[in-house]
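> Dropping the sequence and predicted coords here.
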Amino acid sequence: MLGTAGCKHVYFGSLYIKPAQNEEEMREELNGLARQVKRFREKGDVILMGDFNARVGRAENANEEAYIGRYGEETRNTMGRQLLQFLREQDMLIINNRKQPTAYTYQSYRNTTSSQQRQVNSSIVDYIITTFDFAHKVTNFQVGITGCNGLSDHKPITATIAGLQRKSKPRRIKYRRWRTDLLNPMEHPETCEKYQSTLDSHVEESWTPEFEDLAVECKTEQDAADIVDKLWKKMRELIARTATATLGRSKVTRKQQGDSFYWDNDLRETAQRREEAFKMFEESPSEDNWETYLKARKDHKQQFNVKQREFWKRFAELISNDFHGNKKLFWSVMSQKRRVKKTAFPEVMKTADGSFTARRKERLKVWEQYYASLLQDSDETSEATRFLYQLDVGNRNAEGMPSSLDQPITMAELTTALTLLKNKKAPGVDKLPGELLKHSGGGFQSALQGLFNFCLEWGVVPKEWGMAQIVPIFKSKDPKDPSNYRGISLLPIAGKLFFNILARRILSFAENTQAIVEEQGGFRSKRGCVHRIFTLSQVLKKRKGNGNSNYLFFVDLKKAFDSVDHIKLLETLRRKGMGRKLWKVIQYTYWHLRAQVLIQGDRTEWFPVTKGVRQGCPLSPILFSIFINVVAERLKAEGIGVPFGMPSNVENPMKLLSILMYADDIVLLTRGPEELQRAIDVVAAACKEIGMEINTEKSQIMIVHGNSKARGTPTRPFLLPTDNGQVPLTVVDKYKYLGVWFNDEVTWDTHAQETLEKARKAATRVERLVKGEKIAMKAKLTAYSVIVRPIIEYAWEVWEPPHPLRVKLEGLQNKMLRSILGCARSTPAWALRTQLGVQRLETRRIKSRLHWAAKLICMDEGNMVRSTMKARSQLGLKRGRPMKTWWESTHHWIQQLELGPALQSLEQASIAMKREPTELTRKTLTRCWNTWKKTVELKLRALEKTDFEKDAQQSTKLRFLRRMNHDITRLASYLNKPEGLSRIDRLRFKLLSGTSPLGVERARWRSGDGFCPTCDLGEYETEEHFLIDCPA
């Protein structure tokens, strides 16, 4: 514990001294402890606490009383005498034995520390020891009532250190927010209409006339900047005033760490009565006071159980009825049940030079300096440099860049952007939630459109839109180090609305002008991680199947988004032909970026941001894609890559695939070692040109040999050019790209095994919820389906686990379902799945693959992803049995499930849509797609039912379940209860699953003859006899 303002540091030592065989051994232990005490006493005060295995007994004179206290036990052993000598030599004392015990047996017993309550052989061997100088600050010594949850025969000892200025417990932060939940036209139409009409009238009366006057007076860009700041400030005040008058504000108190969701005023009252009863017993020990305390404790526990049951019932109803609307509640509960601690910001922070500080202002300065170092140029780009660049652009006649991007913003664009605003998102520095903009009326939206067009016309935005508030979120390791936090930027939502409109324009411009290469899949429509994973896997598998080698370089960029140079970004946008007005808006925004850090209600000073694209801004993804595009352009210009696709003729040979990108996740593909080294040099030069740095530790090489016998053979070293010289790159046999493990054998064994291990860990965490309180089956199934199953099913369309791991994955799901139902391990898997309405993982994998196949069929003929599916390399076919392709295994299921006609109709509708994109062809394509999905679902359900009936006929346990008329794809009605399962429900499930302790089951295991033991009919105790025929 660090001391400040002239106070010493306090060092705590938690120790255990094992029982010594003789005095020499004990003395040796204490001598080692004395050396450590001497070492730390030079820096501050020392407190030792733990199990010393020494009984110092009761003081025999005043001198001993100063060291060990007056009220110790009777016995003093050899180790106790050695400890007393240690105290004299080190000038330290024991905090125990300073309080006089009473005649009441229970209170007297509490002085002992090493036995259970009221046990005869009790002793005092656990101590808190400190120096004489610090002893007056260590008060309120107590021995716990019972042992440590029954895990030890020692009882806990506690003491209070007086004079502390701060508490580690996070403080409650109280604030008020608008009742945006009332802005729901379906539930509160009158309130919503009142808000809209009031805001429209305020804007029309006071804002619009001022806007028209100021717009006429504007002559220069500086005038426009001042006007837009003034207009936005007034509009923000009008919105806040209207929301307060029509919606009102509610008081919100953020919970302290450890608060339960069912902790309310009733529980606080019972807890307070319990504490008061215990204090009364402490002050006046008696049997009556002890009984009063026990009763208060029992009442609190009963009340706690009632509140707990009520909460879980309400939680199950909310999650079952509307999971998406209650996501925040679900994940909060899961975090608490999984014991995910929300680490509070520490009272001590580590500075840049490695020292520590505990003062509030200094701690805030540490946060400010850390994020400023991340978001500012190392060479401190000056205002003069920016001015010269702006002047240079003006000299190059930036006026001559007319573009459709500069057209005024239409009401349709604004309406679309408002519709896309999400509810319940944290606002920025303006504190205006998105709901206040989203549910506004036509008059306000027209005014907002005018403000947006004024900004676009003059190339300025309110400076408030360029301000970000950073909230650090703890990741792992040392919480005192600010580098172990991930910063989340909160931006003004009105600014995000404006930039969202511009981002959609720029994205459309980039697609039409091919400003972004086809190989870039990040932040683009109809492209995702699965597209890149599928393309890479298909290229590697087919080239290896044809005997061709592949040399891959996986590139990792250091802090790619935070390293973007603003001037180079603006220059790249100018070269791509960005519109003058829109370009000036981006320039003005990035010229005036500022940020501050929020730490539990405290704020740092604002500091400028001169590097990196803005986190959370809709413009950032598309700007980064355009900026990083130069890497792919340089590489493709060199003619590097592996051939893919089908050659149409001699004039149009196969294309070369040299790079795959998803934002900053990059992989290079080449045919040989020399070509790979050339690609590395090109990419390194391109990254240096745009100011990016390649991470030499995480960037690695993987070689996929066409001949498996060549695996493991030595290869030439691959060198990465850096400012410090040539750095050798590591060659690996597996690499995780976009969340999927690729290996040099082009098999899915590695990824399947890693997925299995990851899913097992997640399943273990979820079991704490499903095995706990009585909550609904739907809530338990939801926990499994949103935490465990997505881990297994990520990129499920592409990869196929080998049979042994496929069985283990199915076994993991069955284990989770058994935990959800709380049934025996002998319960058949079909009984679990049919009663809970859960499909086999293999069935879900087939469905994902079939849907992905339909998407591939609907892609354009020249699409890169579709081309890799059809590709068959013409270079040196490999001998032996060819490898089974992805399409061949998928086509097998299309034929088996008789899905050919539905897929053909979908393909024809897609071709018609591409030839003549009208409303009719669009509706036809949508109808065919829905028909396809419905057909696949029905076919797979029929397959599940057929497999179930086939297995049930061969299983004795499933004989009764087979007769039940139940939809096996839905949760059984008797299991769908919000309060959990009753004993009758569990018995019913046991009867259906063949795991009930009936005579017919016992006979199968040779533990009985199978006859009913409760009646004299002499019949076998089957399910029918138990439920219908048995008179008992």
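Looks like it came in fine. Numbering: from 1, shown residues only.
> can you tell me which helix or strand T139 belongs to?
strand 138-143 (DSSP states H and E).
> now that strand: how far from the chain's centre is it?
42 Å (Cα atoms, centre = their mean, to the nearest Å).
> same for it, what does it pack against?
The criterion is 3 or more Cβ pairs under 8 Å, 6 or more residues apart in numbering; DSSP states H and E, and the helices and strands that strand 138-143 contacts are strand 126-131, strand 157-161. In short, each C-beta sits where N, CA and C put it, glycine included.
> Kindly export it (C-alpha atoms) in CSV.
Below are the C-alpha coordinates for strand 138-143, written out as CSV (Å, rounded to 0.1, in the frame of the first residue of the first chain):
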residue,chain,number,x,y,z
VAL,A,138,-4.3,-1.3,13.4
THR,A,139,-7.6,-1.6,15.3
ASN,A,140,-10.7,-3.6,15.6
PHE,A,141,-9.1,-7.0,15.7
GLN,A,142,-11.6,-9.9,15.4
VAL,A,143,-11.7,-13.6,15.0
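> now the angle between strand 157-161 and it, please.
Angle of strand 138-143 versus strand 157-161, following axes from the mean of the first three to the mean of the last three Cα atoms, to 10 degrees, is 170 degrees.
> Check which residues of strand 138-143 are buried.
For strand 138-143, burial by neighbour count (16 or more other Cβ atoms under 10 Å) applies to 138, 141, 143.
> Mind listing the strands it pairs with, and their directions?
If you go by DSSP bridges, strand 138-143 pairs up with strand 157-161 (antiparallel).
> The strand holding T139 vs strand 126-131, what angle?
Going by the same axes, to 10 degrees, strand 138-143 makes 170 degrees with strand 126-131.
> How about the contacts made by L182?
Shown here is L182, whose contacts under the criterion Cβ atoms under 8 Å, 6 or more residues apart in numbering are 188, 191-192, 195, 247.
> and with 6 Å instead?
Each residue near L182 by Cβ atoms under 6 Å, 6 or more residues apart in numbering is listed here: 188, 191, 247.
> Could you do A271 as well?
Taking Cβ under 6 Å, 6+ apart as the criterion, A271 is in contact with H300.
> Now it: phi and psi?
Comment: the main-chain dihedrals of A271 come out as phi -70, psi -40, following degrees, to the nearest 10.
> Quickly note the distance from it to L294.
Using Cβ to Cβ, to the nearest Å, one obtains 15 Å as the distance from A271 to L294.
> Give me whichever of the helices and strands packed on strand 138-143 is most buried.
strand 126-131 (a mean of 22; mean count of other Cβ atoms under 10 Å).
> partners of it in the sheet?
Here strand 126-131 is paired, per DSSP bridges, with strand 44-51 (antiparallel), strand 92-94 (antiparallel).
> How confident is the prediction for P346, by pLDDT?
P346 is assigned 80 on the pLDDT scale.
> quick one, what contacts it?
Applying Cβ under 6 Å, 6+ apart, one finds that P346 lies in contact with 479-480.
> make it 10 Å
When the contact criterion is Cβ atoms under 10 Å, 6 or more residues apart in numbering, the partners of P346 are 168, 356, 358, 363, 474, 478-481.
> Pick the one among the contacts of L182 closest to F989.
When these are compared for distance to F989 (Cβ to Cβ), H188 wins out at 43.1 Å.
> how much space is there between the nearest residue to that closest one once chain neighbours are set aside and K194?
Leaving aside its chain neighbours, H188 sits nearest to L182 (4.7 Å; criterion: Cβ to Cβ, 6 or more residues apart in numbering). Using Cβ to Cβ, one obtains 10 Å as the distance from L182 to K194.
> and what of W367?
Remark: distance between W367 and K194 (Cβ to Cβ) = 42 Å.
> Same question for L183.
L183 is 10 Å from K194, by Cβ to Cβ.
> Mind putting the helices and strands packed on strand 138-143 into JSON lines with mean pLDDT and distance to K934?
Converted to JSON lines, the helices and strands packed on strand 138-143 look like this (pLDDT from 0 to 100; distance: least, Cβ to Cβ, whole Å):
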{"stretch": "strand 126-131", "mean pLDDT": "91", "distance to K934": "70"}
{"stretch": "strand 157-161", "mean pLDDT": "86", "distance to K934": "65"}
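> Could you report the neighbour count for D744?
Neighbours of D744 under the rule other Cβ atoms under 10 Å: 22.
> For the stretch 301-450 of the chain, which segments count as helices?
Listed in chain order, the helices of the stretch 301-450 of the chain (DSSP state H, counting those that start in this stretch) span 327-337, 360-375, 383-395, 411-420, 434-438, 442-458.
> Domain-wise, how is the protein divided?
Residue ranges for the domains of the chain, per the TED database: 9-161, 265-338, 529-562+621-743, 840-870+886-968, 979-1029.
> Tell me which of the helices and strands packed on strand 138-143 lies nearest to V555.
When those are compared (using Cβ to Cβ), the closest one is strand 157-161, at 52.7 Å.
> Just the residues contacting the closest one, thanks.
Under the criterion Cβ under 10 Å, 6+ apart, residues 1, 10, 12, 47, 49-50, 95-96, 113, 124, 126-128, 130, 134, 137-144 lie in contact with strand 157-161.
> Strands along the stretch 551-700 of the chain, start to end?
Assigned by DSSP state E, counting those that start in this stretch, the strands in the stretch 551-700 of the chain fall at 594-599, 602-603, 607-608, 642-644, 655-657, 659-662, 665-670, 700-704.
> Which other helices and strands does the fourth one contact?
Read that as strand 642-644. Where contact means 3 or more Cβ pairs under 10 Å, 6 or more residues apart in numbering; DSSP states H and E, strand 642-644 is packed against helix 529-545, strand 550-555, strand 655-657, strand 665-670, helix 864-870.
> mind checking how far the last one is from the chain centre?
Which is helix 864-870. For helix 864-870, the distance to the chain centre is 33 Å (Cα atoms, centre = their mean).
> Alpha carbons only: can I get that helix in CSV?
Output for helix 864-870, consisting of C-alpha atoms alone and laid out as CSV, is shown next (Å, rounded to 0.1, in the frame of the first residue of the first chain):
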residue,chain,number,x,y,z
MET,A,864,-13.8,-14.1,-57.0
VAL,A,865,-15.4,-16.3,-54.4
ARG,A,866,-17.5,-18.2,-57.0
SER,A,867,-14.5,-18.5,-59.3
THR,A,868,-12.5,-20.3,-56.6
MET,A,869,-15.4,-22.8,-56.2
LYS,A,870,-15.4,-23.6,-59.9
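> All further residue positions should be reported with the first residue as 234.
OK, 234 is where the count begins now, so the last one is helix 1097-1103.
> What lies in contact with that helix?
750-752, 754, 759-760, 763-765, 767-772, 774-775, 877-879, 887-888, 890, 893, 1085-1086, 1088-1094, 1096, 1118-1120, 1123.
> if you set the cut-off to 7 Å instead, what comes out?
751, 764, 767-768, 771-772, 877-879, 1089, 1092, 1119-1120 (Cβ atoms under 7 Å, 6 or more residues apart in numbering).
> immediately after that helix, which helix or strand?
Helices and strands here follow DSSP H and E; after helix 1097-1103, the next one along the chain is helix 1119-1129.
> tell me the angle that next one makes with helix 762-778.
Taking the same axes, to 10 degrees, one finds helix 1119-1129 and helix 762-778 inclined to each other by 110 degrees.
> Would you mind naming the helix or strand containing F444?
When secondary structure is defined using DSSP H and E, the element that contains F444 is helix 441-450.
> Could you list the buried residues of the next helix or strand after that helix?
Scanning forward in sequence from helix 441-450 by DSSP H and E, the next helix or strand is helix 454-479. Neighbour-count burial for helix 454-479, counted by 16+ other Cβ under 10 Å, picks out 457-458, 460-462, 464-465, 468-469, 471-472, 475-476, 479.
> same deal with stretch 1072-1084?
Judged by neighbour count using 16+ other Cβ under 10 Å, the buried positions of stretch 1072-1084 are 1072-1074, 1076-1083.
> same question, stretch 1162-1180
Residues of stretch 1162-1180 classed as buried under the neighbour-count rule (16+ other Cβ under 10 Å) are 1162, 1165-1166, 1168-1169, 1172-1173, 1176-1177.
> Least confident secondary structure element in this structure?
The least trusted helix or strand in the chain, going by mean pLDDT, DSSP states H and E, turns out to be helix 338-342, with a mean of 44.
> All good on my end, thank you.
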